[in-house]
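> Take a look and give me a structure for this.
(chains A, B and C)
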Amino acid sequence: MARIHLKNLDAVGRKHQKLLAGYKGLLLVCTGTGCVSAGGFVIRDSLQAMLKKRRLDKKWLVVQTGCNGFCAMGPILVVQPEGIFYEKLNEKSLEKVVEEHLVGGKPVKASMHKDLATGNPIPKMAQIPFFAKQQLVALRNKGIVDPENIESAIAMGAYAGLRKALTTMKPGDVLGEVVRSGIRGRGGAGFVTGVKWGACIKAVGPSLEHPERRPPVLVCNADEGDPGAFMDRSIIETDPHAVLEGMCLGAYAIGASEGFIYIRKEYPLAIERLEKAIAQARERGLLGRKILGSDFAFDIKVHRGAGAFVCGESTALMASMEGRVGEPRAKYVHNVESGYMGRPTVLNNVETWANVPVIVEKGGAWFGSIGTGDVAKSPWNGSSGTKVFSLVGNIANTGLVEVPMGIRLKEIIFDIGGGIPGGREFKAVQTGGPSGGCLPQSMLDLPVDFDSLTKAGSMMGSGGMIVMDDRTCMVDVAKYFIDFLKDESCGKCTPCREGLIAVSEILGAITRGQATEALLGELEGLCDTMAVSSLCQLGATAPNPVLSTLKYFRDEYVAHIRNHKCPAGVCKSLIRYEITPNCNGCHVCSRNCPTNCIAGEKKTLHVIDANACIKCGICRDVCKFDAVRVG
Amino acid sequence: MNDEPLPWRAGLTVADVLREREFVFPLLVVSIDGVHVPRDAFAATAVPDGAVVVVMHLMSGG
Amino acid sequence: MGSATTTELAPSGVEGTIPVTVDGQALEVKPGTTVLEAARMLKISIPTLCHHPAVEAYGACRMCMTEIEVRGKKRMVTACNFPIREPTAIFTESEATKKQRRGVLSMMLARWPKVPVIQSLAGRYGVQNPGYQHPLRNEAPDACILCGLCVKACSEMVWEDVIAFAGRGAKRHVTMPFGKQSERCTGCGTCAYICPTGAIKVTDEKNNPVDPARIRKYGFRLTKEMATLDDSQCKMRRVGTAHLVEIMDAYDLLPTHNYKFGKHARIAEIASPVWTSLVRQNVPDGCWVGCQMSCAKAVDDFVPRTGPYQGKKVLVDGPEYETVASCGSNIGVFDPHDIIELNFYCDTYGIDTISFGTACAFAMECYEAGVLDKRKTGGLDLKFGNGPAALELLHHMSRGEGFGVIVGQGIRQMKRIFAERFGGDPRFLQDIGMEAKGLEYSEYVTKESLAQQAGYAMAQKGPQHDEAWLIFMDMVNKQLPTFEKKAEALYYFPMWRTWFGLMGLCKLPWNDVEPEDNATRPEPNKVPGHVEGYENFVSGMMGGEYTIQDILKMSERVYNFQRVFSIRMGHGRREDDRGPYRAMGPVTAEEYESRAERYDGQLKELLKVDPAGRSTAEKMALLRRYREEQYEGVLDAVYKRRGWTRNGTPTPETLKGLGIDYPWVVEVVKARMAEEGSA
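Just a heads-up that it's a prediction; the model follows:
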């Protein structure tokens, strides 16, 4: 393939658009990891076979796209140009779509999305509430481009920002736009990206301290490890060139010629697409020497991580890249001064990099106008742009959403997320990954931005959002996250290692009803030491799940300790299952009980043998008459 | 210096003397008029006119 | 004197320093000084568990959490690794500081309630046992507290990385690879020594030292010096002895062209950066297990151009300084590849690189001087600098072929053979044949150091510098101006150095790294701090208290025995203690004229002879007579100091004083003395 130059970038895009225009329509099959696990690849291949069989393959083009975002509904197919959205497809319903819609011209209502309230089918994707309130910047090409085809990305505007920078901007101008945008790091800490880049440029020298210029390094942190978070994976699986272009622009601004993407080995599809994208970009002259025919040179290597959560911490990540044990070090000397191999290093996460091309193309002011506060005054004075969240837990519309900063929690959870399924009540939402905090009903009006979340005792983190319903015990939730962190703590520093062991032990005692109220004071003392004295942010933020639940759900702790009760009915030591007179003796519970501890004649009230019951809750889940009670 | 005359000039430092005499051996003990000059002060220490400079080379090697 | 005085004394306003206060006391520090260092300068104690000055600050235990204020903002930092870069106020005992230290201690106490260092710190900060039960509670007083000092020490001090942390979080523990005793562990004991709780035990089942702790204490001191000082001193760990190549050249001491000269214009081609670039693995390759100096280096993936290993990849042990000089500059070879290949084949054939190089240099000078020609060498073009010819000669030696058979017998035999068979001038051959007592010289030019001429030629085994290396003391420092001073040095150092041989120890740790305070000690040349270490080593090993005097006595007995053995074998005479003139001065006009200024100056100053108008031959003769007389003066002085006769025979009184006057020993010296008397 010929190398692309500054002058013919548009032509390459136009050529691909022309190719697409030769079809009657496009069939966008989601092949993000969520849909793939629901059968996305099977749908893609079957669709191609069905078209071929009907000699329609010259008429309709099947495009495999990255994550569409509406993961709960996979496998997903969107039929363009009308934008008809089909969900939860299987081969049978797909055949029907081909027959009736593609051949017959009549969209299939049965496979369309249904309105949660009315049950009426919603034909077009744009009309579905899940999509309506989103604003796509980082995910601008989701569900549209083929992540394995660079022309597809170029046709949608990829590398136009880079061309703009190389033809009309000096490196300082690129930095200026990034500063003006006010964008703060999407990886968790929310440090101002432009300030970080500026500090790196200063550290590169030459300076009094370093008379020789020190070549800087760019790193993309794709070591997403939070339970329930998949923003970064999806961006790479969907639009890898957005990340590559962002890094190219960063390299141009900072003067780097070497970049790395640190990605966990557990993301095979993302790695595969990333490596394909890098290979294509190199081949087309968008990476390597003489990028787009200019004198700018930059290349990217992929570094696979082994999946330790702590390796998402920047210094641990760099230690891992250097071939050492992935353990953090003190950041009193910042990475921008001495990072990877002691070189000035800029580390940003996937989403941050993916935003950069848009900032350069549309201008920092445009980006700064989205979101909260006035970042024109100071980048610390608000949260600009949009943020991608992975919305999971007890929520109707599980998926990937991108919303403007400042949107209210309830808008995300109820308007986009469709609320709590199964007629349950909302109880809490956990933001910011395992070391974020749990926010209650009363905080649902909270604007979602860096500073508001931190003030409320949680954090933005990288954008995990876990919704919990009223069957969730907050002590149990805190223990779940503490145990996750206990296992993922590297163990280097005392407060994180010993603090997590001790906190887990105390939470365990509470959930078993073996704690005293004095231990709550002990718990808070441990949390304070962890927050202040830990070596890295993993330990320093680890107390958040405990502190935020203590703040908003203290009565639940007290109930466990004082009354030996778990109000949500979760903590096994404190509950017993009973069958109420609602029981009509249908036998479903006794058939499903793994320990056969439910007895009762057909059509008579059943009874649970409390001594044999292991409190697994299956009886309650399978009962259609709400006759199983936890007390 | 070391029992040999050493031409003096204003501003002459211990480091200058060592460089000019090609005293490149790392294990040196320097004293001026009997006062020991620490290694990290070689560049900052001026040699006064008429001073007795001793540059003692230690030994190394088998 | 109150704190006000301290403030006045502080070099306030010194350029490039930063004002700091610690608990209100002011001082100025260099940028990058840590909070801990600043506090310690004022003798203010900050508790630490994972910190040791010999290893990089790890910042893991968090015991040293300290409140600081920079630009009006207070924050908590770890004192051990927070670098001061702007004016800072440090509060080592503020409530915030104490709160965090208590918190950390409480966590440690919950897990390791009986470890003394933790108990004592808990006492200092009034920390009680917490109210929860730690699931990993360990009541052993010598429990591992995961401070990481052993891991850091093994990595940074010992360069072995044999022990490391394994497991994350609660599973973190110190172990060796795969949880097994590692073959690479040298048993140096550094980890055990640095461990604050005694969790690592060293068992010594073989040597049964009387006081192992005493030995370890001094062993650790050396390990620490290597870890913290070597990089700014001799770079033995990173470069090895090859660091001397360019240094010897700078002092005109690097033998080139069979010791004619002491420096060469092409020095850069064989200087230490060349060797460090070839020694790629640069892992500690101690020739002796447990050595922290680890100066041995290896070139890997080397492909010889000649010989049985031609074209194959081999690993070469070296090159060291002596090899670079003997197989390099001394034979005029400045191609590193040739030097490494000579090194490799000497090792492979079991030939000493010094003896080969010096013998080859002699043959080359004879070749250039016309004593030899291609016919006599079997076709070898033995010009200085012909590396391939030197290699071919080496292969011939190993196979016992042709001219190699002659060179293989060494210089003493070559001198005889070249004179007898090839008509060489025996006096010229004697002057330039660098051997004494039948052994080839090692690689230092001794022309300007009378003491070292004797140090070489008087050495019992032959001219090897392991008895004495006095060139700097004598030639550069001018510390040995009289015969008596030279004799004293030629008493102390040979006795001291012989002791290493008696103990089976390497001498390099004595003087290739020096203690930080060495320069301020009396007689720094003797490295008194290390002499004390060896006194403690031998005392700790054998029990009792041994001083340097006892050590020297041990050596002196053996040294005199060696001399008596030589006498019994018909050697050990005054003439055996003389070297060739090449070791003492310019043999050829070329040599004299290359350093004419130096030699003319000496004629004027020492001999009171005006060199003007005299021929080179005349001046050489004058100089030679003077230097040979001087040498005899040194011999007399040394014999006297050692209690030997003028012919170098230990007297019965000397033997008696040393307690080795056994009849069969006295008999040998008496017989020699009778022979002297008759002579």
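
> Just give me the neighbour total for residue 342.
No chain in the question, so chain A it is. 12 (other C-beta atoms under 10 Å in any protein chain shown). In this view, the C-beta of every residue, glycine as well, is placed from N, C-alpha and C.

> Hmm, no, I was thinking of chain C.
29.

> Can you give me every residue that contacts the residue nearest to it when sequence neighbours are not counted?
Excluding the flanking residues, the one nearest residue C:342 by C-beta to C-beta, 6 or more residues apart in numbering or on different chains is residue C:327, at 4.0 Å. By C-beta atoms under 8 Å, 6 or more residues apart in numbering or on different chains, residue C:327 lies in contact with C:319, C:333, C:338, C:339, C:342, C:343, C:346, C:353, C:356, C:357, C:360, C:390.

> What strand or helix carries the fourth one?
Secondary-structure assignment from DSSP states H and E places residue C:339 in helix C:336-349.

> Determine which two of the contacts of residue C:327 are furthest apart.
Within those, two members stand farthest from each other by C-beta to C-beta: C:319 and C:360, at 15.2 Å.

> between these two, who's got more neighbours?
Using other C-beta under 10 Å, the more surrounded residue of residue C:319 and residue C:360 is residue C:319, with 31 against 26.

> Name the nearest residue to the more buried one, ignoring sequence neighbours.
Leaving out its chain neighbours, the residue that sits closest to residue C:319 by C-beta to C-beta, 6+ apart is residue C:343, at 4.7 Å.

> Surely that neighbour touches residue C:352?
No - in this structure, residue C:343 is not within contact of residue C:352 by C-beta atoms under 8 Å, at 11.2 Å.

> Compare those two and say which is more crowded by neighbours.
Higher neighbour count among residue C:343 and residue C:352: residue C:343, with 25 against 17, using other C-beta under 10 Å.

> Let me see the contact set for that one.
Contacts for residue C:343 (C-beta under 8 Å, 6+ apart) come out as C:316, C:317, C:318, C:319, C:323, C:327, C:353.

> Quick one: the strands in the stretch 1-150 of chain C, in order.
For the stretch 1-150 of chain C, the strands defined by DSSP state E, counting those that start in this stretch occupy C:18-22, C:25-29, C:65-70, C:73-78, C:88-91.

> do chain B as well
Taking DSSP state E, the strands of chain B run over residues B:28-32, B:35-37, B:53-57.

> For the ones you listed, give me CSV that also has distance to chain A and mean pLDDT.
Converted to CSV, the strands of chain B look like this (distance: least, C-beta to the nearest C-beta, whole Å; pLDDT from 0 to 100):
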stretch, distance to chain A, mean pLDDT
strand B:28-32, 26, 91
strand B:35-37, 26, 90
strand B:53-57, 29, 91
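
> ok, then the element right after the helix holding residue C:339?
Per DSSP H and E, helix C:336-349 leads on to helix C:353-368 as the next helix or strand towards the C-terminus.

> Run the contact check for that following helix versus chain B.
No - Helix C:353-368 stays clear of chain B (C-beta under 8 Å from any C-beta of the partner chain), getting no nearer than 11.0 Å.

> and which of the contacts of residue C:327 is nearest to residue A:32?
Distance to residue A:32, by C-beta to C-beta, is smallest for residue C:319 among these, at 59.6 Å.

> Mean confidence (pLDDT) on stretch C:300-312, please.
Here stretch C:300-312 scores 96 as its mean pLDDT.
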